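Q: would you be able to build a 3D model of this:
(chains A and B)
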Amino acid sequence: MSDKKIVIPGELITDQLKKLGSNVYLENNKIYSSVIGLLSDSSNIVSVIPLNGPYTPLEGDGIIAVVKDEVLNGYILEYNSFDDCFLTKSSINKELAIGTVIFLRIKKITDNGSLEFDNINILPKAKVFQTSPVKIPRLIGKNESMLNLFKEYLGGNIVIGKNGWVWYNSVNIFLAERAFSLVVKNSQKSNLTNSVKEFFEKNKTK
Amino acid sequence: MSKRLDGRKNDELRPINIKLGVVKSAAGSCYLEWGKNTVVATVHGPRPIFPKHLSDSTKAVIDYRYRMAPFSVSERKSPVPGKRDKEISLVSGFALESAIMTEKFPNTVIDINALILSSNAGTRVAALTAASLACVDAGLPMRGILTAVSVGRANGEFLSDLTKEEEDAEDAVDTAIAVLMPQKEITLLQMDGFVNKEDWKKIISMGFIGVDKVYELQKKALLEKYPVNGDINE
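A: Residues are numbered from 1 along each chain as shown, chains lettered A, B, ... in the order given. Below is the predicted model of the structure:
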């Protein structure tokens, strides 16, 4: 609705002193936006939800990664971030082929920036939808409403990684891809869940 | 005030047309038409840098490449990057580094390519304007947006956004200014020709008026890509 406001880099958000959220910076006691995104300005904290951008790992995030290379003591994983990460062979009891899709949870980020994982699951061969990590909150929806909608209409399993990759093995992969890109393309608009439901109803009858 | 060859006023810019997100494989991209200049700018990365010894553990390295297509000028230009290409790439890269928060991506490189498809004076400012928009489109954290414009003097008149014909005048002064908006910090300043102090002050103040106009167009193009209201469709 009209209460959504898009800010661009360098745009003045407020000259009051508030807690700095994500994607804002302080200069001369004024708060500016550092990315293009949706402004979320509450009484004590101000932040900007970006509309695009790379994934920055956070502790506790569940991510989907693809094995890119194998080295002597582990695997190099690609996960839609600005750097690749490393998974030791001792942490899994199975050999991985290059191209295997795995789900991992980031346990800890060490001081030098490398990642430690727990909850490692090897996913069966299926499709991976690649998008930007900033679209993930809309793909899940409030109280997982969007995710439940996908599961209801598409069938099969869907695993959404916080890094912007979605693993899915639904029956109708073309419809799934269309639905995902519909959400991604209109992620800055309101009332998205109802529109996606309409989209499914329209395409179901055909 | 006499009119110019193409009928513009002295402080009038050529028509600018901006479109974002034209290259699907890039993280961010921008297509820009500025009079007879045409630029496509793309951003790839941040990604790990190879060879490793080029990396900087405190910030990302910016690899800006300004290149002219062989068919962009009337006489075929060799695609081998010359002295001019390399110099413009270097100084424009420094200008972009002041806008992008490179300290957030240590040990990486951000590739920014600006390809000139068609040229008619002022391509470096067009390329830099497009490149900074492509960086915003890629979602890179930035302090502001880089806005560039060329100003100068030809035949005794002070002009903004000179064309090729005006640049070839006898007393021509051609200045490229890039400004970080909205802070209004100069990040790039290059000049050809001879000028005295009074004239220089006029040229600089004209440049700041010019970047204001370009900045408005940049803002409009950015907001156009993400409409908040409107129908939801594929």
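Q: rest of the way, CA atoms for contacts and neighbours
A: Noted.
Q: which residues of chain B lie near chain A?
A: Proximity of chain B to chain A, by C-alpha under 8 Å from any C-alpha of the partner chain, involves residues B:27, B:45-48, B:105, B:108, B:136-145, B:181-183, B:219, B:222-223, B:226-230, B:232-234.
Q: please pick the buried ones from those residues.
A: For those, a burial check counting by 16 or more other C-alpha atoms under 10 Å in any protein chain shown picks out B:27, B:45-48, B:105, B:108, B:136-145, B:181-182, B:222, B:226, B:228, B:232.
Q: among those residues, which are in strands?
A: Judged by DSSP state E, those include B:G45, B:P46, B:R47, B:P48, B:T108, B:I145, B:M181 as members of strands.
Q: show me which residues of chain A sit near chain B.
A: Selection of chain A residues close to chain B by C-alpha under 8 Å from any C-alpha yields A:1-2, A:4-6, A:8-11, A:23, A:33-36, A:50-54, A:81-84, A:178, A:181-182, A:185-186, A:188-190, A:192, A:195.
Q: repeat that for 6 Å
A: Counting by C-alpha under 6 Å from any C-alpha of the partner chain, the residues of chain A lying close to chain B are A:P9, A:G10, A:S34, A:V35, A:N52, A:G53, A:F82, A:D83, A:L182, A:Q188, A:K189.
Q: which ones are touching the second one?
A: Okay, so that is A:G10. Contact analysis of A:G10 by C-alpha atoms under 6 Å, 6 or more residues apart in numbering or on different chains lists A:Y32, A:S33, A:S34, B:R143, B:G144.
Q: let me know the pLDDT of the residue nearest to the spatial centre of chain B.
A: Residue closest to the mean C-alpha point of chain B, counted by C-alpha atoms, centre = their mean, is B:L128 at 1.9 Å. What the model reports as pLDDT for B:L128 is 95.
Q: next: A:T193.
A: On the pLDDT scale, A:T193 is placed at 87.
Q: again with B:S2
A: On the pLDDT scale, B:S2 gets 66.
Q: same question for A:I158.
A: Looking at A:I158, its pLDDT is 91.
Q: regarding chain B, what is its longest helix?
A: helix B:197-225 (DSSP state H).
Q: could you list the low-pLDDT ranges of the chain?
A: I went with chain A, as the question did not name one. Of all residues in chain A, those with pLDDT under 70 make up the ranges A:1-3, A:205-206.
Q: please refer instead to chain B.
A: B:1-2, B:230, B:232-234.
Q: and the strands in it?
A: Along chain B, counting by DSSP E, strands occupy B:16-20, B:28-34, B:37-48, B:61-68, B:108-118, B:145-154, B:157-160, B:173-181, B:185-192.
Q: which of these is buried the deepest?
A: For these, the largest average neighbour count (mean count of other C-alpha atoms under 10 Å in any protein chain shown) is found in strand B:145-154, namely a mean of 28.
Q: the inter-axis angle of that one versus helix B:197-225?
A: 140 degrees (axes from the mean of the first three to the mean of the last three C-alpha atoms, to 10 degrees).
Q: circling back: from A:V24, how far out is the residue nearest to the centre of chain B?
A: B:L128 is 24 Å from A:V24, where distance means C-alpha to C-alpha, to the nearest Å.
Q: ditto for B:A26
A: Applying C-alpha to C-alpha, the value for B:A26 to A:V24 is 25 Å.
Q: same question, B:T187
A: B:T187 is 22 Å from A:V24, by C-alpha to C-alpha.
Q: follow-up on the earlier one: I'd like the distance from the longest helix of chain B to the chain centre, please.
A: Offset of helix B:197-225 from its chain centre (C-alpha atoms, centre = their mean, to the nearest Å): 12 Å.
Q: now for that helix, which elements pack on it?
A: strand B:145-154 (3 or more C-alpha pairs under 6 Å, 6 or more residues apart in numbering or on different chains; DSSP states H and E).
Q: spatially, what comes nearest to B:T42 if we skip its sequence neighbours?
A: Nearest residue to B:T42, sequence neighbours excluded (C-alpha to C-alpha, 6 or more residues apart in numbering or on different chains): B:S29, at 4.3 Å.
Q: likewise for B:F158?
A: Ranked by C-alpha to C-alpha, 6+ apart and with sequence neighbours excluded, the top spatial neighbour of B:F158 is B:G152, at 5.9 Å.
Q: which ones are touching that neighbour?
A: Applying C-alpha under 6 Å, 6+ apart, we find B:G152 in contact with B:F158, B:L159, B:V173, B:D174, B:T175, B:I203.
Q: need these in JSON lines (columns: distance to B:R67).
A: Output for the contacts of B:G152, formatted as JSON lines (distance: C-alpha to C-alpha, whole Å):
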{"residue": "B:F158", "distance to B:R67": "29"}
{"residue": "B:L159", "distance to B:R67": "26"}
{"residue": "B:V173", "distance to B:R67": "24"}
{"residue": "B:D174", "distance to B:R67": "20"}
{"residue": "B:T175", "distance to B:R67": "20"}
{"residue": "B:I203", "distance to B:R67": "27"}
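Q: sounds good, over and out.
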